[in-house]
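>>> Just need the structure, nothing else, for what follows:
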Amino acid sequence: MKLKIDRLISIIMILLQRKKISATKLAEMFEVSTRTIYRDIETINSAGIPIITYPGINGGIGIMEEYKIDKKLFTTSDITALLMSLGSISRALTDDDIMNTLAKIKSLVPDEQIRDIELKSNQITVDLTPWIGYGKLHPNLEKIKKALDEKKFLSFEYSNSDGKKSNRKIEPYRLVLKKSNWYLQGYCTFRQEFRTFKLSRISSIEVLYETFIPREFDTKPLGAWDNLGKNIIIIKLLVHESLRDKISEYCGEESIQPYGENKLIVNFPFEQNEFGYNLLLSFGDKCECLKPVQVREEIIRRINNLLRVYNN
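Residues are numbered from 1 along each chain as shown. Next up is the predicted model:
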């Protein structure tokens, strides 16, 4: 019943915006038969909205002009921005609702403007999908989306930044895409608090039949480290100028000072675990930890261990 009501409202919106549209085009738009569309039109007409039909090859269905009010609430720029935003989201989440919304918005555009608006909306593209690994990530996104829509518990196995695994059961509240990584925010029944989980560390995810009553949830933006790492310290690095762009993504330009001809001194937020040390080592010989001493010594120990592996 809800789907029919949604469809009826959408048809009314389209008819208010256009002089006429064919039943065939409406059927294609809503993925139903023309017979269903004609039944919907009868329902709309019975509700007191005067429908008029235009015969002939270029005919169609419309609402009497005398009944219409001015519905031009969106400018060309407004619709272009909407299409651009929804198009970006649809690349990351293959969702029928999003695709249907895109189709409905396009249907509100006058025929003589649709080509120009489509060209403008494609001039800037935000591709939110990662270069690799999306095939494995996508099924998890679909399961989480289902749990969010239906307010159902999720269960999964989670590996923290040190590789320690634990089984979790959560109330899901929000999906966040930040710096090409997906995060899931929810209330963890194990920790008895709201937590943030990195999707790449989630495995064996299942949507449970059990539903939950939503709690008050703070929708503030996801912080740089949030709950993913609470043991953050500021360390001093000496890095080559060629790493500037990559380094600034983690700490911002205000933490970077020129040093000599092609070097930089950086105050770097460092997480003292496997993730943090692996990140520093990924910078290779263009990065040196100056202090604190314990971090520098740990990096030296890890480099020596790696050297022994290759020497053997």
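>>> any idea which helix or strand carries Ile57?
Per DSSP states H and E, Ile57 falls between elements, in no helix or strand.
>>> what's the burial count for it?
A count of neighbours around Ile57, defined by other C-beta atoms under 10 Å, yields 5. Heads up, the C-betas are built off the backbone N, CA and C, glycines and all.
>>> Please name the residues that touch it.
By C-beta atoms under 8 Å, 6 or more residues apart in numbering, no residues touch Ile57.
>>> and it, backbone torsions?
phi -60, psi -40 (degrees, to the nearest 10).
>>> what about it, distance to Thr24?
12 Å (C-beta to C-beta, to the nearest Å).
>>> What of Asn58?
13 Å.
>>> What distance do you get for Gln55 to Thr36?
Gln isn't right for residue 55; it's Pro. 21 Å.
>>> ok, which stretches of the chain are helices?
Counting by DSSP state H, the chain has helices at residues 2-17, 23-30, 34-46, 76-92, 96-107, 111-121, 134-150, 244-251, 274-282, 293-311.
>>> mean confidence for the fourth one?
Going back to what we said before, that points to helix 76-92. The average of the pLDDT scores along helix 76-92 is 59.
>>> now do the last one
For helix 293-311, the per-residue pLDDT values average out at 92.
>>> just stretch 175-182 next, same as before
Averaging the model's pLDDT scores along stretch 175-182 yields 75.
>>> Show me what counts as buried in it.
Leu175, Leu177, Trp182 (16 or more other C-beta atoms under 10 Å).
>>> what does stretch 283-298 give?
For stretch 283-298, by 16+ other C-beta under 10 Å, it's Phe283, Cys287, Cys289, Val295, Glu298.
>>> just checking, Lys236 touches Cys287?
No. Look at Lys236 against Cys287 with C-beta atoms under 8 Å: they stay out of range, at 11.3 Å.
>>> who touches both of those two?
Common neighbours of Lys236 and Cys287 (C-beta under 8 Å, 6+ apart) do not exist.
>>> So, low pLDDT: which residues of the stretch 101-250 of the chain?
Low-confidence segments of the stretch 101-250 of the chain (pLDDT under 70): 101-137, 161-163, 179-180, 219-231.
>>> those strands in it, which residues are they?
Shown for the stretch 101-250 of the chain, the strands assigned by DSSP state E, counting those that start in this stretch span residues 152-159, 165-178, 181-188, 193-198, 202-211, 232-240.
>>> As JSON lines, those with distance to Ser46 would be great.
As requested, those are exported to JSON lines (distance: least, C-beta to C-beta, whole Å):
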{"stretch": "strand 152-159", "distance to Ser46": "38"}
{"stretch": "strand 165-178", "distance to Ser46": "41"}
{"stretch": "strand 181-188", "distance to Ser46": "45"}
{"stretch": "strand 193-198", "distance to Ser46": "48"}
{"stretch": "strand 202-211", "distance to Ser46": "36"}
{"stretch": "strand 232-240", "distance to Ser46": "64"}
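>>> closest one to Lys19 among the ones you listed?
strand 165-178 (40.3 Å; C-beta to C-beta).
>>> picking up where we left off before, neighbour count for Pro55 and Thr36, which is higher?
Thr36 (16 against 7).
>>> Isn't that one up against Glu28?
No. Under the criterion of C-beta under 8 Å, Thr36 makes no contact with Glu28, lying 12.0 Å away.
>>> Tell me which of the strands of the stretch 101-250 of the chain is the most buried.
strand 181-188 (a mean of 20; mean count of other C-beta atoms under 10 Å).
>>> Look at Asn58 and Thr24 and report which has more neighbours.
Remark: of Asn58 and Thr24, Thr24 carries more neighbours, 11 against 8, as counted by other C-beta under 10 Å.
>>> From Phe30, how far off is the more buried one?
Distance from Thr24 to Phe30, by C-beta to C-beta: 11 Å.
>>> Same question for Tyr310.
62 Å.
>>> quick one: which of those two has more around it?
The neighbour count for Tyr310 versus Phe30, taken as other C-beta under 10 Å, is higher for Phe30 (20 against 6).
>>> Tell me the confidence at the more buried one?
For Phe30, the predicted pLDDT is 83.
>>> And the residue lying closest to it once chain neighbours are set aside, what's its pLDDT?
Spatial nearest neighbour of Phe30, excluding adjacent residues (C-beta to C-beta, 6 or more residues apart in numbering): Arg7 at 5.4 Å. Looking at Arg7, its pLDDT is 78.
>>> I figured Arg7 hits Val32, correct?
Yes. With contact defined as C-beta under 8 Å, Arg7 reaches Val32; the gap is 7.5 Å.
>>> The two: which is more packed in?
Neighbour totals were compared for Arg7 and Val32, and Arg7 leads with 19 against 16 (other C-beta under 10 Å).
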